[in-house]
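S.K.: Just to be clear, the model below is a prediction. Sequence and coordinates:
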Amino acid sequence: KGKKWGSINEKGELIIPCIYDDSLDFSGGFATVRINNKWGYIDKKGDIVIPPTYDSAMKFKEGIAKVQQNEKWCFIDKEGRFLTQFFDDCLDFSEGFASVKLNKQWGYINKVGTQYWED
């Protein structure tokens, strides 16, 4: 509404007020929202579950989301805990693994942060 975002239910009823500067669809029970140029996550009641502290944040996939701070990316869980170190770049998890780039080299990590680097 105007330049603010909220959410409606299947009946078209407003369930989350239009107070966000931007918003992504719900995924994994959370929506990614931007407030004052920082990204965080809300639940389906509209409660902030992970405060908006990130420069960028993506949707949850396989229970994990990638977030950016200071031009570096890492993965967080649904409690907002960091699961990995920060990387130069990364792709979403798929089938339990994600591609990550560190110091110009691409490799893979699993959901517990174990790293596998290509030679």
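M.R.: Sure thing, it's come through.
S.K.: Contact partners for the residue nearest the centre of the chain?
M.R.: Centroid-nearest residue in the chain, with CA atoms, centre = their mean: residue 58, separated by 3.3 Å. Counting by CB atoms under 8 Å, 6 or more residues apart in numbering, residue 58 makes contact with 24, 32, 65, 66, 67, 92. Backbone N, C-alpha and C define where each C-beta goes, glycine included.
S.K.: and of those, the nearest to residue 79?
M.R.: Checking the contacts of residue 58 against residue 79 with CB to CB, the nearest one is residue 65 at 11.3 Å.
S.K.: give me the element the closest one is part of.
M.R.: Secondary structure from DSSP states H and E places residue 65 in strand 65-69.
S.K.: Can you list the low-confidence ranges for the chain?
M.R.: In the predicted model, the chain carries pLDDT under 70 at residues 118-119.
S.K.: Can you tell me what sits against stretch 87-101?
M.R.: Stretch 87-101 has contacts (CB under 8 Å, 6+ apart) with 58, 61-62, 64, 66, 72-75, 84, 102-104, 106-111, 115.
S.K.: Please consider this matter closed, and thank you.
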